[in-house]
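[1] sequence? don't have it. structure:
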C-alpha cells in the first residue's frame, strides 16, 4: 500500500490518496495522477517481497527526461508498506467499520528516529488497539487521532521521540475513515433532484426533506434518503441525535418563508460547513428581514449563502446544481471561484500539508 502522507506546492493528489499493489501484480488507485505511478508500483512490489516500509519523496522533474518527478511542479511524500494479516491484524475490523460507515482511524509511523517505522495504532471512538511502546506517546496520539476522526480529517501529525507535541522527530500519518458528510436538501423541487444527484456524486450522504408528501417521494428522488417532515423539525431531530456535524451542508430550496425561516434560524445557529438558500435578490432581502425579526444575530447571517450558488450563468436545474456545489467546494477549500487561467500561483495551493 502506497499512501500520500505529505504534499507541497502544486501536488496532484491530497494526503490520504492511495495505490494498492496486489500479490498478483494488479494495481488500483492513484497517488499522483500518473506522474510517478510506475515508480511507486515498483516500490510496492519491492515492499511485498521484503516487508520493509519506506518513505519516499518525489519532486519536480529536471532536464533528465527519464528522471522520476512531478511535471506539475509539486512535491509529495509517499509511504510504501506491506499490508498482510501479520503486520495489520486489525485490517478486517477496519474494513468492516468502513463498510458499515462506522468511524475509525489508522495512525501509522511514517518517519521516526527510532525503530518504529510502520508501527500502527487503530483508534475507534471508544477504544484503541496498538502501541508505540510508550504510554505517554500512546495517550497523546490516541487523543489527537480521535480529534481528527471527529472532524473527518486525514493528514500528518508530528511529535518528539516520546510523544512530545512540540517535537518533529516522529511523523505519524492519520487516515480517518469517518462516515460520509451529509447534504441536507430542504424542498422537494426539480432543482433538488439535480442537486441530490450532484451531491451524491461528490460523496455526500444526501437527504431530501419536504413537508409535502405528494412531492417528497423516492420515485422523484431515487437513490437518496427522502423524508416527509417539516424542515425545522427534521433538522432539530438530527441535531439532537448527533447525526450532523461540522462537515454538514444545508441547502434550502423551497423559497417559502413558512418552511425556510424556521430551518434557516436553526441551521445558522450551528457550525455547519455551508448553509445556502435559493431565491431572487428580493426574496433574499425579505428572508434576511424575516430572520432578523426572529432574533437571528447579524453575525450569524454572514454565514448564509443567499442567493445560493456561484455566478456561472446557470439556467437548467442541472446547471444550477453545479453552481451550488461549486460554491460548496469553494467554501470548503477557500477557492475564489475565478478562472484558473486568470490567476498565478499554485493550482493546488490548499492541498499543501507539512
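    Great, that's in hand. Keep in mind it's a predicted model, so treat the numbers as computed, not measured.

[2] wait, isn't residue 307 in contact with residue 287?
    No: in this structure, residue 307 is not within contact of residue 287 by C-beta atoms under 8 Å, at 9.8 Å. C-beta: built from backbone N, CA, C; applies to glycine.

[3] between the two, tell me which one has more neighbours.
    Shown here are residue 307 and residue 287; by other C-beta atoms under 10 Å, residue 287 has more neighbours (22 against 16).

[4] sorry, back to before: so what sits against both of residue 307 and residue 287?
    277, 279 (C-beta atoms under 8 Å, 6 or more residues apart in numbering).

[5] what are the boundaries of the helices in the stretch 251-354 of the chain?
    257-268, 281-293, 298-301, 317-333 (DSSP state H, counting those that start in this stretch).

[6] which among those is found nearest to residue 88?
    Of all those, it is helix 317-333 that lies closest to residue 88, at 31.1 Å by C-beta to C-beta.

[7] next one: that closest one to chain centre, how far?
    16 Å (C-alpha atoms, centre = their mean, to the nearest Å).

[8] run through who's touching that helix.
    Against helix 317-333 from outside (C-beta under 8 Å, 6+ apart): 190-191, 193-195, 197-199, 202, 249, 251, 273-274, 276, 305, 308-314, 335-337, 350.

[9] low-confidence stretches in this protein?
    10-11, 60-73, 345-354 (pLDDT under 70).

[10] what about the helices in it?
    37-50, 91-99, 135-151, 190-201, 231-240, 257-268, 281-293, 298-301, 317-333 (DSSP state H).

[11] list the buried residues of the third one.
    The neighbour-count criterion (16 or more other C-beta atoms under 10 Å) identifies 137-138, 140-142, 144-146, 148-149 as the buried residues of helix 135-151.

[12] try the second one
    Taking 16+ other C-beta under 10 Å as the neighbour-count basis, helix 91-99 is seen to contain the buried residues 94, 97.

[13] ok, and what's touching that helix?
    83, 85, 103-104, 106, 122, 124, 177.

[14] adding distance to residue 300 and neighbour count, write those out as CSV.
    Putting the contacts of helix 91-99 into CSV (distance: C-beta to C-beta, whole Å; neighbours: other C-beta atoms under 10 Å) gives the following:
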residue, distance to residue 300, neighbour count
83, 46, 15
85, 51, 9
103, 29, 18
104, 34, 22
106, 37, 22
122, 39, 21
124, 34, 18
177, 32, 19
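
[15] those: which two are farthest apart?
    Checking those with C-beta to C-beta, the most distant pair is 85 and 103, at 23.1 Å.

[16] touching stretch 273-288 from outside, list them.
    Here stretch 273-288 makes contact (C-beta under 8 Å, 6+ apart) with 181, 187, 191, 246-255, 257, 260-261, 264, 267-268, 301, 303-309, 324, 327-328, 331-332.

[17] can you do 7 Å?
    191, 246-253, 255, 260, 264, 267-268, 301, 303-308, 324, 327-328, 331-332 (C-beta atoms under 7 Å, 6 or more residues apart in numbering).

[18] how long is that stretch from one end to the other?
    From its first residue to its last, stretch 273-288 covers 20 Å (C-alpha to C-alpha, to the nearest Å).

[19] now stretch 124-135
    By C-alpha to C-alpha, one end of stretch 124-135 lies 18 Å from the other end.

[20] buried residues, it. List them.
    By neighbour count on 16+ other C-beta under 10 Å, the buried set for stretch 124-135 is 124, 128, 130, 132.

[21] list just the nearest of those to residue 54.
    Nearest to residue 54 among the buried residues of stretch 124-135, with distances taken as C-beta to C-beta, is residue 132, at 19.2 Å.

[22] so the closest one versus residue 8, what's the distance?
    The gap separating residue 132 from residue 8 is 26 Å, by C-beta to C-beta, to the nearest Å.

[23] and residue 190, by the same measure?
    Note on residue 190: its distance to residue 8, by C-beta to C-beta, is 44 Å.

[24] which one's more surrounded, those two?
    Set side by side, residue 190 and residue 8 show more neighbours around residue 8, with 18 against 14, by other C-beta under 10 Å.

[25] list the residues that contact the nearest residue to the more buried one once chain neighbours are set aside.
    In space, residue 8 comes closest to residue 75 once its chain neighbours are excluded; the distance is 4.1 Å by C-beta to C-beta, 6 or more residues apart in numbering. For residue 75, the contact set (C-beta under 7 Å, 6+ apart) comprises 8-9, 11, 57, 59.

[26] that older thread, make a PyMOL selection of the buried ones in the contacts of stretch 273-288.
    A single PyMOL command is used to select the members of these judged buried by 16+ other C-beta under 10 Å:
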select buried, resi 191+247+248+249+250+251+252+253+255+260+264+267+268+303+304+305+306+307+308+324+327+328+331
